[in-house]
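[1] what's the 3D shape of this:
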Amino acid sequence: MLNKSTQLIAVFVLIKIIAFFAVSPDYDLHRDELLYLALGSHPDWGYWSNPPMIGALGALIRLFPAHTPEAVRFFPLLASIGTLMLAMRMARIMNGGLYAEALTGLAILLCPPYLRTMVMFQPVVFDIFWWTLCSFLLLYYLKTREDRWILWLGAALGLGLLNKYLLLIYATALVLGLLLTEHRRLFTKRPVYLAAALALLVWSPNLIWQATHGFPVFHHLDALATRQLVHVEPASFLISQLLSHLPVILLIPLGVGFFFTGTGRPFRVLGWVFVFTEVILLICKGKDYYALGLYPFVLAAGAVYWETLTAQSRGGHIARWALGIVALAVGLAVTPFSMPCLPVDKMIVYCADYQRNTGLTGAVTWEDGETHDLPQDYADMLGWQTIADLTRTAWQQSPDQNTTLIYAENYGQAGAVDWYTRKQGLPPVLSFSDTYLLWAPATLPREITTFIYINDELGDDIQQLFADIRLVGQVQNPHAREYGTKVYLCQSPRLSFRQLYDERIREMRGATH
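    Residues are numbered from 1 along each chain as shown. Below you'll find the model as predicted:
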């Protein structure tokens, strides 16, 4: 017979699985999902902007007999369930009871970040899991003082770095936190250095790949800083994290406070991990979701602290129920922001009503700093099938498919064509965006007579090169981020396309070395 704690976790896991199937069929896969699926067709120890784990998972997904959105998101579901279970167990490790475990589970179920990431095949959901696992293992060490948990923590850090480099920030904050507590004596013990060596060993294949490819991640980070992070403001960074946990926002200050007061003091190093991570991300102008891995352990600590406070006060039973009911009501109210469960037309109305009633625009503010009628992630899940269909039409109209090249301006467009036409005989799409640049051949094997061009505009260089250019079609959904993206069929080149390509690829690769 399962104990009550295990039964409780099983109930929450079941609810999470049910929620997983609530995505509206109005939405395609996300732009980034299409890139990560493309990585799966090129398994390697590294990519332009990512370590290898997401590519390995993409390769496994390509082996699935079904390729529905639910199948694509199978691994995110597993990672999300793992985060839920670990968070609830952390409440127990920090001496919480069934109520604290239930409140932690409710928080992970209801807060938008843990629902949104569950239904997207992206590194973020796995990043949250690895941060949470590292915190779980650290808590076990703090609870038991058994060195084996330090070694497991080293292995988890290494595996997490094969998913996303953000875990380096966690590791840095952890070192600083250890130095500020009595646990600094760990640095005089052998297990810490064995754990660090283990982490480095596990991560080393990716480090070697980066070194042999000229560290393309630094070029990615430079582009990210100049195009996106420049819009990040410290106040919005912090406020967004609070609002994304709105259903249980009270648990955040309680959780941070727990680590520095009373029964939470033995786990204080995690409080410093939270503080230092936030400071580092503020200094580096990180995006708000970079810190999401911190919150499962903070929410668990807050639930434990709330359980303790209400146990010692009159009316505590009522306060416990009140917080749970408020969390449930607010969580359900913001569920359309948590995951794309509403059809597009209803979601637009919901967003407009939300802005009018609250005056808040953060949920529909995109990376460009402007407000739109849909959250950016949702707009990034529209139009991809159209682009693939138009490209297939252009391919079928090509007079000589053996000398036809398909080019997409961004990785979403390229990934859409690669994924949605993968069984229809089209060649791999050429693009100079993100990791696609690494896959572009150094030279074309033959002269090109027909060029299928996917972009939102027809540049002067294309118009000068081809004498016969015809618009095949464009994305006409005004709510799609790719609205206006066009597919052109270009023929009768005036100059050698092969020579032009060779010059362009040398220029592009030269700029990244």
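[2] Going by C-alpha atoms from here, please, whenever you check contacts or count neighbours.
    OK.
[3] Quick one: neighbours of the residue lying closest to M381 once chain neighbours are set aside, just the number.
    Residue nearest to M381 in three dimensions, not counting chain neighbours: H30, with 4.4 Å by CA to CA, 6 or more residues apart in numbering. For H30, the neighbour count with other CA atoms under 10 Å is 23.
[4] can you offset everything so residue one is 23?
    I'll keep to 23 as the first residue from here, and by that count the last item is H52.
[5] residues contacting H52?
    With CA atoms under 8 Å, 6 or more residues apart in numbering as the criterion, the residues that contact H52 are M142, D399, Y400, D402, M403, L404.
[6] Distance of it relative to F96?
    When CA to CA, to the nearest Å is applied, the distance between H52 and F96 equals 15 Å.
[7] Give me the number of neighbouring residues for the closest residue to T126 other than its chain neighbours.
    Nearest in space to T126, with sequence neighbours left out and distances taken as CA to CA, 6+ apart, is A322 at 5.2 Å. For A322, the number of neighbouring residues by other CA under 10 Å comes to 33.
[8] Can you classify A322 as helix, strand or coil?
    Remark: A322 carries the secondary structure label helix [criterion: DSSP: H, G, I helix; E, B strand; the rest coil].
[9] contacting residues around it?
    A322 touches A109, M110, M112, A113, A122, E123, L125, T126, G277, counting by CA under 8 Å, 6+ apart.
[10] ok so W328 is a helix residue?
    Yes - in this structure, W328 lies within a helix as judged by three-state DSSP.
[11] Look up the closest residue to it, ignoring the ones flanking it.
    L276 (7.1 Å).
[12] distance of P515 from D483?
    In this view, P515 and D483 are 11 Å apart by CA to CA.
[13] And Q418, by the same measure?
    Note on Q418: its distance to D483, by CA to CA, is 25 Å.
[14] Neighbour count for those two, which is higher?
    The residue with more neighbours, out of Q418 and D483 and counting by other CA under 10 Å, is Q418; that gives 12 against 8.
[15] can you map out the helices along the stretch 373-522 of the chain?
    With DSSP state H, counting those that start in this stretch applied, the stretch 373-522 of the chain shows helices at 398-401, 406-419, 433-442, 458-461, 482-487, 519-533, listed in chain order.
[16] which of these sits most buried?
    helix 433-442 (a mean of 25; mean count of other CA atoms under 10 Å).
[17] any idea of the mean pLDDT in that helix?
    For helix 433-442, the mean pLDDT works out to 96.
[18] Only C-alpha atoms, please: export that helix in PDB.
    What follows is helix 433-442 as a C-alpha-only set of coordinates in PDB (Å, rounded to 0.1, in the frame of the first residue of the first chain):
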ATOM      1  CA  TYR A 433      15.400  28.700 -38.700                       C
ATOM      2  CA  GLY A 434      11.700  28.500 -38.000                       C
ATOM      3  CA  GLN A 435      10.900  28.600 -41.700                       C
ATOM      4  CA  ALA A 436      13.600  26.100 -42.500                       C
ATOM      5  CA  GLY A 437      12.500  23.800 -39.600                       C
ATOM      6  CA  ALA A 438       8.900  24.000 -40.700                       C
ATOM      7  CA  VAL A 439       9.700  22.900 -44.300                       C
ATOM      8  CA  ASP A 440      12.100  20.200 -43.000                       C
ATOM      9  CA  TRP A 441       9.500  18.800 -40.500                       C
ATOM     10  CA  TYR A 442       6.200  19.100 -42.400                       C
END
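[19] on that earlier part again, nearest to W388, out of the contacts of H52: which one, please.
    Set against W388, the nearest of these by CA to CA is D399 (8.8 Å).
[20] Could you give the backbone dihedrals for the nearest residue to that closest one once chain neighbours are set aside?
    Setting aside the residues directly before and after it, D399 is nearest to H52 in space (CA to CA, 6+ apart), at 7.1 Å. As for H52, its main-chain torsions (degrees, to the nearest 10) stand at phi -80, psi 150.
[21] list the contacts for Y429?
    A436, V451, L452, S453, F473, I474, Y475, I476.
[22] at 6 Å instead, please
    In this structure, Y429 makes contact with V451, L452, S453, Y475, judged by CA atoms under 6 Å, 6 or more residues apart in numbering.
[23] Distance-wise, check it relative to F319.
    Distance check for Y429 against F319: by CA to CA, it reads 45 Å.
[24] Please apply the same query to P73.
    When distance is defined by CA to CA, P73 is 25 Å away from F319.
[25] which one of the two has more residues nearby?
    The residue with the greater number of neighbours, taking P73 and F319 and applying other CA under 10 Å, is F319; the counts read 31 against 26.
[26] Now do the contacts for the more buried one.
    Going by CA under 6 Å, 6+ apart, F319 touches no other residue.
[27] Quick one: the strands in the stretch 273-422 of the chain, in order.
    Assigned strands in the stretch 273-422 of the chain: none (criterion: DSSP state E, counting those that start in this stretch).
[28] Poorly predicted segments of it, please.
    Across the stretch 273-422 of the chain, no stretch falls below the confidence threshold (pLDDT under 70).
[29] Could you list the low-pLDDT ranges of the stretch 23-172 of the chain?
    Where the stretch 23-172 of the chain drops into low confidence, which here means pLDDT under 70, it does so at 23.
[30] where along it do the helices fall?
    With DSSP H, counting those that start in this stretch, the ranges of helices along the stretch 23-172 of the chain come out as 26-42, 53-61, 75-84, 91-94, 96-115, 120-132, 134-138, 145-166, 170-183.
[31] which parts of the longest one are buried?
    Residues of helix 145-166 classed as buried: 145-164 (neighbour count, 16 or more other CA atoms under 10 Å).
[32] Take it, keep the C-alpha atoms, and write them as PDB.
    As requested, the backbone C-alpha atoms of helix 145-166 are provided in PDB (Å, rounded to 0.1, in the frame of the first residue of the first chain):
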ATOM      1  CA  PRO A 145      15.500  23.200 -23.500                       C
ATOM      2  CA  VAL A 146      13.800  25.400 -21.000                       C
ATOM      3  CA  VAL A 147      11.600  22.600 -19.500                       C
ATOM      4  CA  PHE A 148      14.700  20.300 -19.100                       C
ATOM      5  CA  ASP A 149      16.700  23.200 -17.700                       C
ATOM      6  CA  ILE A 150      14.100  23.700 -15.000                       C
ATOM      7  CA  PHE A 151      14.200  19.900 -14.300                       C
ATOM      8  CA  TRP A 152      18.000  19.900 -14.000                       C
ATOM      9  CA  TRP A 153      18.100  22.900 -11.700                       C
ATOM     10  CA  THR A 154      15.400  21.300  -9.600                       C
ATOM     11  CA  LEU A 155      17.300  18.000  -9.500                       C
ATOM     12  CA  CYS A 156      20.500  19.700  -8.400                       C
ATOM     13  CA  SER A 157      18.600  21.500  -5.600                       C
ATOM     14  CA  PHE A 158      17.000  18.300  -4.600                       C
ATOM     15  CA  LEU A 159      20.400  16.500  -4.300                       C
ATOM     16  CA  LEU A 160      21.900  19.500  -2.500                       C
ATOM     17  CA  LEU A 161      19.000  19.300   0.000                       C
ATOM     18  CA  TYR A 162      19.600  15.600   0.500                       C
ATOM     19  CA  TYR A 163      23.200  16.400   1.400                       C
ATOM     20  CA  LEU A 164      22.300  19.200   3.700                       C
ATOM     21  CA  LYS A 165      19.800  16.900   5.400                       C
ATOM     22  CA  THR A 166      22.000  13.800   5.700                       C
END
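[33] Between helix 96-115 and that helix, find me the angle.
    For the pair helix 145-166 and helix 96-115, the angle between their directions (axes from the mean of the first three to the mean of the last three CA atoms, to 10 degrees) equals 20 degrees.
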